[in-house]
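Colleague: Using only what follows, build the 3D model:
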Amino acid sequence: VESIGRSGRKIRNFGKKVSNLWFSAAMIDVLEEFRPPVVSFHFGLPAPALLARLRGWGAKVLSSATTVEEALWLERHGADAIIAQGLEAGGHRGFFLTRDLTTQMGTFALLPQIVRAVRVPVIAAGGIVDAQGVAAAFALGAAGVQAGTAYLLCPEATTSAIHRAALQQGDTARHTALTTLFTGGPARGIVNRAMRELGALDNAAPAFPLATAAIAPLRTAAEKAGSGDFSPLWSGQNASGCRAVPAAEVTRELAAGLPAKR
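Modeller: Reported below is the predicted structural model:
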């Protein structure tokens, strides 16, 4: 969420200024103890002063783009690599210049356009769960691939029992949609009762992140009864590669799609 409020600038279509509540000097203080070599962001980039502190220990900075315009903005503002997040991706959209969902594209439409538009490496994300998907992304110019849904059933993942059960129901897991019900921000998850009865993109949902607290009582009661009817069951559109095997096995299978070294 960039210098998005620190600079006081308005983000197009957000309708109001957004304060940088997600990344602060206090967070940098924690990170600085560990000095991670790579720091990845969603929703833009931090304020320039905070970005400079990351650069101070040599960190490489990544961030998500859901449009070509966002990719160009990230390149201009210092991202070392850009994650091209396609519409298939599970969880929250990483947009920060506009919330207009008609601007969002699928991974394999977005990826080559961003690759042509920027000079920094581009990482493909969204709907990639197997070696064939990895190979396709590299064929379209990706320098890397980011996978999420493929790992949700791994024993190392903290995915809840209710969420795991939904992912393992083939027909259910294939039906996903973007919804604002669970956090206030558009995010892709498996369609459940809340999304069907309230409307996945309900304009009455509280703004991000206030919807989380608003739906919490329903979620808590349903989960106690073993139901995910009011839970955010985040998942990408392609859960076909999501299996209950160690993360190392998933990684090896994905890596089989990497182009041969020359």
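Colleague: pLDDT averaged over the helix ranked longest in the chain, what's the number?
Modeller: Across the chain, the longest stretch assigned as helix under DSSP state H is helix 211-224. Taken as a whole, helix 211-224 carries a mean pLDDT of 96.
Colleague: Can you give the contact residues for it?
Modeller: Defining contact as CB atoms under 8 Å, 6 or more residues apart in numbering, one finds that helix 211-224 is touched by 160, 162, 180-184, 194, 205-206, 228-231. In this view, the C-beta of every residue, glycine as well, is placed from N, C-alpha and C.
Colleague: Write the ChimeraX selection for whichever of these are buried.
Modeller: Entered in ChimeraX, the line below selects the buried ones among the contacts of helix 211-224, by 16 or more other CB atoms under 10 Å:
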select :162,180,181,182,183,184,194,205,206,228,229,230,231
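Colleague: Is it possible to get JSON lines of the contacts of helix 211-224 that adds pLDDT and secondary structure?
Modeller: Shown next, in JSON lines, are the contacts of helix 211-224 (pLDDT from 0 to 100; DSSP: H, G, I helix; E, B strand; the rest coil):
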{"residue": "S160", "pLDDT": "97", "secondary structure": "coil"}
{"residue": "I162", "pLDDT": "97", "secondary structure": "helix"}
{"residue": "T180", "pLDDT": "96", "secondary structure": "coil"}
{"residue": "L181", "pLDDT": "96", "secondary structure": "coil"}
{"residue": "F182", "pLDDT": "97", "secondary structure": "coil"}
{"residue": "T183", "pLDDT": "95", "secondary structure": "coil"}
{"residue": "G184", "pLDDT": "94", "secondary structure": "coil"}
{"residue": "A194", "pLDDT": "96", "secondary structure": "helix"}
{"residue": "A205", "pLDDT": "90", "secondary structure": "coil"}
{"residue": "P206", "pLDDT": "91", "secondary structure": "coil"}
{"residue": "G228", "pLDDT": "97", "secondary structure": "coil"}
{"residue": "D229", "pLDDT": "97", "secondary structure": "coil"}
{"residue": "F230", "pLDDT": "97", "secondary structure": "coil"}
{"residue": "S231", "pLDDT": "98", "secondary structure": "coil"}
